[in-house]
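Asks: Next come a sequence and a model predicted from it.
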Amino acid sequence: LSYDSARLVASSSDYLVELNVEEGQTVQQGQLIARFNDTEEAARLAELKILLAEQSRQLARLKNLTKSQSTAQSLYDEQKAKVDATQAQIAALQAKISELTVRAPFAGVLGLRKVSQGAYLTAGTEITTVDDISRIRVEFSVAEQYLADIKTGMKVKGLSDAYRNDAFTGTVTAIDPRIDQVTRTVRVHAVIDNQQLKLRPGMLLKIQVTLADAEVLEIPEKAILPLQSRHFVFVVGADNKVKQVSIQPGQRRPGFVEVVSGLNAGDEIVIEGAQKLRTGVLIERTEH
């Protein structure tokens with residue numbers, strides 16, 4: 001999902017006199033996208049500003065008179081009401097003119113252009129879209145059994161078929177308070193940095209979430225010799241003689257096995273040709 005996404009639409013019905021939409025263009029917040037015909041409103045605004053200037057001069061003159069003539073107070077109050085009314089009309093007209101311009105609500109990338117300059121648009125007509133994809137929100141589901149383990153702030157890694165050699169990292173930002181009653185999963189949102197704009201809204205990612213980190217001792221899977229329900233490796237001693245040692249394997253990942261007990265960090269073990277060995281055999285190292 002885009003970090004922010006918006007449809008830019010016409011707020012009133014009028015002719016489109018300016019259109020600054022270059023599809024795929026990066027825009028900044030507040031940048032002018034489109035402008036509708038505001039000739040009538042602009043002329044009326046100029047007229048009101050002239051009227052306000054004249055009313056303000058008369059108000060200032062009456063204010064001076066109130067210092068010497070008590071009867072001038074009522075005239076001053078009446079003129080003050082006129083100035084306030086004109087200022088309100090100007091504010092309303094400025095708001096109307098503001099509605100006749102469409103600006104980018106945030107920095108992002110423009111989508112496809114849906115209209116042409118000079119067209120008459122009715123209120124609600126879509127002009128284009130804008131998406132902030134400098135960051136991507138990723139939505140994925142996690143099984144209910146992991147609800148107690150997943151927390152905001154956890155790191156995630158995203159893998160995409162479009163970029164097989166790239167991994168995209170991010171952080172869990174939100175967890176849905178509701179569990180889906182059908183799938184028994186909870187929806188999770190993560191934010192992934194996307195400054196290179198490789199990821200796009202709608203893409204599929206394979207998401208990996210690390211629930212916990214631990215330092216473990218692991219060895220190549222091919223070094224292990226299973227025998228019935230037990231597992232063995234050959235440890236090389238200082239005299240280059242090997243000794244068969246029983247180990248307790250733990251979790252596995254492709255090509256490697258965690259050793260829970262039976263070995264110490266730094267032990268030298270036989271990886272190739274272990275099937276031909278027995279305790280006490282003298283080995284000779286070979287360089288590959």
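Replies: Structure's in. What do you need?
Asks: Any stretches of the stretch 1-150 of the chain with poor pLDDT?
Replies: 68, 70-71 (pLDDT under 70).
Asks: That one: helices as residue ranges?
Replies: Listed from the start of the chain, the stretch 1-150 of the chain has helices (DSSP state H, counting those that start in this stretch) covering 39-65, 72-99.
Asks: Show me what Glu218 is bridged to.
Replies: Glu258 (DSSP bridges).
Asks: Apologies, that question was intended for Asp131.
Replies: Ser5, Val109.
Asks: gap between it and Leu197?
Replies: Distance of Asp131 to Leu197, given as CB to CB, to the nearest Å: 10 Å. No exception for glycine: its C-beta is placed from N, CA and C like everyone else's.
Asks: what touches both of the two?
Replies: Shared contacts of Asp131 and Leu197, defined by CB atoms under 8 Å, 6 or more residues apart in numbering, are found at Val109.
Asks: So between these two, which is more surrounded?
Replies: Between Asp131 and Leu197, Asp131 has the larger neighbour count (other CB atoms under 10 Å), namely 19 against 12.
Asks: Now tabulate the helices of the stretch 1-150 of the chain in TSV and tack on mean neighbour count.
Replies: Below are the helices of the stretch 1-150 of the chain laid out as TSV (neighbours: other CB atoms under 10 Å):
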stretch	mean neighbour count
helix 39-65	13
helix 72-99	14
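Asks: Which stretch among these approaches Phe234 most closely?
Replies: helix 72-99 (80.2 Å; CB to CB).
Asks: Just the buried residues of stretch 8-18, please?
Replies: Residues of stretch 8-18 classed as buried: 8-11, 14, 16 (neighbour count, 16 or more other CB atoms under 10 Å).
Asks: could you dump that stretch to PDB, C-alpha only?
Replies: This file holds the C-alpha atoms of stretch 8-18, laid out as PDB (Å, rounded to 0.1, in the frame of the first residue of the first chain):
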ATOM      1  CA  LEU A   8      -7.600  14.600  -6.700                       C
ATOM      2  CA  VAL A   9     -11.100  15.600  -7.700                       C
ATOM      3  CA  ALA A  10     -12.900  18.800  -8.800                       C
ATOM      4  CA  SER A  11     -14.700  20.400  -5.800                       C
ATOM      5  CA  SER A  12     -17.000  22.400  -8.000                       C
ATOM      6  CA  SER A  13     -18.300  22.500 -11.600                       C
ATOM      7  CA  ASP A  14     -16.500  24.700 -14.000                       C
ATOM      8  CA  TYR A  15     -14.000  24.900 -16.900                       C
ATOM      9  CA  LEU A  16     -10.500  23.600 -16.300                       C
ATOM     10  CA  VAL A  17      -8.200  26.400 -17.400                       C
ATOM     11  CA  GLU A  18      -4.800  25.100 -16.100                       C
END
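Asks: Run a quick neighbour tally on the nearest residue to Gln25 once chain neighbours are set aside.
Replies: Spatial nearest neighbour of Gln25, chain neighbours left out: Leu110 (4.9 Å); criterion: CB to CB, 6 or more residues apart in numbering. Other residues within reach of Leu110, judged by other CB under 10 Å, total 22.
Asks: mind listing what Leu110 touches?
Replies: Residues in contact with Leu110 (CB under 8 Å, 6+ apart) are 21-27, 33, 128-130.
Asks: which of those residues tops the neighbour count?
Replies: Counting neighbours by other CB under 10 Å, Val130 leads the contacts of Leu110 with 26 neighbours.
Asks: Including distance to Lys151, could the helices of the stretch 1-150 of the chain go into a markdown table?
Replies: Formatted as a markdown table, the helices of the stretch 1-150 of the chain follow (distance: least, CB to CB, whole Å):
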| stretch | distance to Lys151 |
| --- | --- |
| helix 39-65 | 53 |
| helix 72-99 | 43 |
